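K.L.:
What follows is a protein structure lacking sequence information:
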C-alpha cells in the first residue's frame, strides 16, 4: 500500500495471492491479466467489447503512441482514456516505458525478440496495413548498420523514428513524461532489457544502468504527480538476468525506492522454460509482499498458473490476440488450430466448454471458412474468444486461490497445455 | 404477387413505390438496401451487428461460395443461414448467379469491372489475406492468355478455378442448383453481363443468349422447388444495354416468364452517369408493377434516391463496406475522408448527425489514429457506420414515399452528394 496505489492482500494459499488494488479510483482484482492495446486498440475489438469481456486493466505501448499520434495530441483528447472512450470507472491503464522497442531498434535482443521493428509481435506490420502510408521508410533513416539508434549512454537513447525519420531522445525523464501525458494510471520505469544469454559481468553492468535509470524515472514521476496534482502509480522493474544473487541485489535496491508495484523484467527472453521457471520461483519472493507483482510478457495458460502459484499478481501477453491471426484458439481442452482440415466440416462450437458469445453462436465450420476466405471477421471472433478464455482463466485462478483449489486447476490446465 | 413471393404495394408517390414482400416467411420493407456478404460475411461484422443494423436482406456471392466452402458443405450446415447463424425470421438472403465473376475471369467487362479476379471489389484479395494459402496459383491454371475460361457457348461456361485449378462448369441449371444448395431465399437467373460500350448488334446477340439462359434457369428453379418442397423465389434480369428498344424487348420477353421479381442488369458498367440515369428512368416502368424491382450494384446515396424516385425497390452495393477501407465515411453532410490531416485532432463524432453507436462513442481523432496505425478496428467502425447510414437512408426514403416528401429528401441528399 502506497499513497497512489492501495493494495490489499485478501487471501493467500501457499505462496499464491488473492488481492485487490485501486489506482486513480479504478479497482483491479488480482491475479489479473491485461489485454494488450499496443496502439490504443485491443486488436479488432471495440471499447464496448473490452468492457463486456471484463478486462480490468489494459497495457498500452509508449513507444508507438509517442510517435503516433503523439502525447500532446493524446493529452488534448483526454488521454488514452478519452481517446479510446473508456469509461471513468475502468479498465485501468498501464503503459510500458518504451525502452523495449527502442532497444529492439538497435538490433539488441530483449524479451525474446531480436529483430528490429518486430516490437512485441503486435505491431501493425504484423497485421497488415490499410495502405502503404505507414510503412517503415527504411532507406531514409537507416544508417546502414541496420540500427536506428544514434546514441546510447547513461543519459539515455537517441534514435531515429522508423515512421518519420525524426530524432527522438528517450531518457528516463522523457519516458515518464510521455506516460504522464498519455494519461496512464500506472507508469513503468525505464530499464535496460538484459539480453539472454549474458555473462554475470554483462548483467551486472546492465543492472547499474537500469538502477540509475529507475531512480531517475521515479524521481521525475513523483515530481510530475506533485506538479500536476495527479496520483498516478509507478512500478519498478527488477532485472538481474538468470543470476539469483543479482536478482536479489536488484530487488533490495529497488525496494528501497518504494515504488507502487514491482515487475520482474528480463524473463521470457529466449531462456529455456525450466530456467525461466526457476528464476521466477526464486525471484518472486524477493519482491515486497505488500505491493503488486507483475511478470511482463508472460505467458501461456500453464505459465500463468505457475506464476500465480508462486505469488505473481499481474500479467500481460500478446498470445491470445496474436495467435488469433494464425487461427489458434485457446480452449479448456487445449490449443486448437482452426486451419486444420478436420475442422472444415465440424458443426461444434469453437470451444464446447466456453460460454462466450462466439462459442454460443458460431461453429468451427464457419470460423474455418472465414479463416480460409481471409475474412477479417475470423480475427475478430478468435481474438474475442481467446481473450475471454484468458480472462476466464484469471477468474478461475482467483477463485482457486480463495478456495485452496490451485492444485486441481493446475492439473487440468497442465493436461490441456502440456509443457 | 406470386406463389413464392408476396409483394404488396403499400403506397406510391409519383413513380416511387413503398412496398413489402415476404419470401420464405421473411418480410422486407421496400425500398430496401442489401449489405453485401460476398463470402458469407458482411466485411468485419458479426451476425449480431447485422441484426442490430436492421439489415432486412443480404446478398451473397454464388461464385465464391461454390468454390469455397462449397454448396454441399454449406447445405450440411443448414445453408448460408445456418452457417452464418442467422435467425429464422431474417434477414432474407439473395444470391447472385455467379456469372458476373466467371465472365470477369475471361477478361470481359461487366458491371464496370474489367480486371480478372477483381470480382465485385469485395474479394479477400482486396482486403488482405490471413496468409498465403489462398493466393491465386496463377501459373498453375492460367493457360497463357490471361483467361481461366476454357469454353464459353450456349450451354454455359467451363472455367478453371483460380483457387484450386479445378474445372467447374457454370450452366444456368448448375447456377440455380448451387443457389438452392446454399439455401438462398431469392435465386438470380444466369445472364450474360453486357459490356459497355457495345453496338446494338452485339447487345442483341448477347440478349439472345441471356434470354435462353434465363428460361433454363427458371425451369430448373421451378423443378427444384417442386422436387424439394421449397418455396424459394427467383428473379429474372432485364438486359439490353443502353438501347431502349432492346430493354423493352427484354422486359416483354421476361415478363412472360412470370418471375418473382425483376432486376435491371447491365447498368453501372462504366457508362456516363447521365446515360445510366436515362436508361434507368426509361427501363424501370417496363417492369411488371406487381413484382419487386431490383437494380444491381447501385449505388451512391444520390443514385439510391434517384432510383427510388423512379420506382426501384431493391439495391445492393459495395460502396459502404468497400469505401471503409479508404477511410471514407458517408455522412448526412456528404462524404468525408478520415485520412485527411484536418481530422487528426478533431474531437467531433465521425458524423455529428448520426445516432449510431460508433458516432455516439468515438471521435474523428480516434478513428483517424486507428486508420494511420493500420488498426483493423478502424475498418470495423467505419464499415458499421457506413452501413448504418445506408440503412437509415432507406428508412428515410420509405418514410418520404409514405409522406410525399421525396423531393425534399432528394434535395438534401443532392446537396450533400452532388453529382
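P.N.:
Alright, I've got the coordinates. Every value quoted in this text rests on a predicted model; they were computed, and no experiment measured them. Residues are numbered from 1 along each chain as shown, chains lettered A, B, ... in the order given.
K.L.:
Show residues contacting stretch A:320-339.
P.N.:
By Cβ atoms under 8 Å, 6 or more residues apart in numbering or on different chains, the surrounding residues in contact with stretch A:320-339 are A:35-36, A:42-44, A:121-122, A:126-127, A:301, A:319, A:343, A:350-351, A:353-354, A:364, A:367-368, A:371-372, A:378-379, A:382-383, A:385-387, A:389-390, A:412, A:416-417, B:130-131, B:133. Backbone N, C-alpha and C define where each C-beta goes, glycine included.
K.L.:
change it to 7 Å
P.N.:
Residues from elsewhere that reach stretch A:320-339 (Cβ atoms under 7 Å, 6 or more residues apart in numbering or on different chains): A:35-36, A:42-43, A:121-122, A:127, A:301, A:350-351, A:353-354, A:364, A:367-368, A:371, A:379, A:382-383, A:385-387, A:389-390, A:416-417, B:130.
K.L.:
Check stretch A:73-88 too.
P.N.:
Contacts to stretch A:73-88, defined as Cβ under 7 Å, 6+ apart, come from residues A:40, A:47, A:60, A:65, A:93, A:181-184, B:345, B:347, B:361-363, B:365-366.
K.L.:
Need the buried ones from the contacts of stretch A:320-339 selected in ChimeraX.
P.N.:
The buried residues among those can be selected in ChimeraX (16 or more other Cβ atoms under 10 Å in any protein chain shown) with this line:
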select /A:35,36,42,43,121,122,127,301,350,351,354,364,367,368,371,379,382,383,385,386,387,389,390,417 /B:130
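K.L.:
Inside helices: which ones of the contacts of stretch A:320-339?
P.N.:
A:127, A:301, A:364, A:367-368, A:371, A:379, A:382-383, A:385-387, A:389-390, A:416 (DSSP state H).
K.L.:
Nearest the geometric middle of chain A, what residue?
P.N.:
Central residue of chain A (Cα atoms, centre = their mean): residue A:316, 3.4 Å from the mean position.
K.L.:
Show me chain A divided up by domain.
P.N.:
A:25-317, A:325-416 (automatic domain parsing).
K.L.:
quick one: which of those domains has the weakest pLDDT on average?
P.N.:
Note on the domains of chain A: domain A:25-317 shows the lowest mean pLDDT, a mean of 88.
K.L.:
now that domain, how far from the chain's geometric center?
P.N.:
Put simply, domain A:25-317 sits 7 Å off its chain's centre (Cα atoms, centre = their mean, to the nearest Å).
K.L.:
Please report how far residue A:333 lies from chain B.
P.N.:
Distance of residue A:333 to chain B, computed by Cβ to the nearest Cβ, to the nearest Å: 22 Å.
K.L.:
Then residue A:53?
P.N.:
For residue A:53 relative to chain B (Cβ to the nearest Cβ), the value is 15 Å.
K.L.:
got the residue ranges for the helices in the stretch 151-300 of chain A?
P.N.:
A:172-182, A:200-228, A:244-256, A:273-283 (DSSP state H, counting those that start in this stretch).
K.L.:
Identify the residues contacting the last one?
P.N.:
If I follow you right, that is helix A:273-283. Residues from elsewhere that reach helix A:273-283, judged by Cβ under 7 Å, 6+ apart: A:238, A:242, A:244, A:247, A:264, A:267-268, A:295, A:306-307, A:310, A:419.
K.L.:
could you pick out which of these are near chain B?
P.N.:
Among these, proximity to chain B is found for none (Cβ under 7 Å from any Cβ of the partner chain).
K.L.:
Please indicate which of those are buried?
P.N.:
Buried among those by 16+ other Cβ under 10 Å: A:238, A:242, A:247, A:264, A:267-268, A:295, A:306-307, A:310.
K.L.:
so which of those residues comes closest to residue B:69?
P.N.:
Among those, residue A:268 lies closest to residue B:69 (Cβ to Cβ), at 38.2 Å.
K.L.:
I'd say that closest one and residue A:298 touch.
P.N.:
Yes - using Cβ atoms under 7 Å, residue A:268 makes contact with residue A:298 at a distance of 5.4 Å.
K.L.:
one step back: pick out whichever of the buried ones among the contacts of helix A:273-283 sits closest to residue A:162.
P.N.:
Out of the buried ones among the contacts of helix A:273-283, the member with the shortest distance to residue A:162 (by Cβ to Cβ) is residue A:268, at 24.4 Å.
K.L.:
what's the distance between that closest one and residue A:394?
P.N.:
Shown here: residue A:268 relative to residue A:394, a distance of 18 Å by Cβ to Cβ, to the nearest Å.
K.L.:
what about residue A:335, which SS state?
P.N.:
strand (DSSP: H, G, I helix; E, B strand; the rest coil).
K.L.:
and it, what are its bridge partners?
P.N.:
residue A:330 (DSSP bridges).
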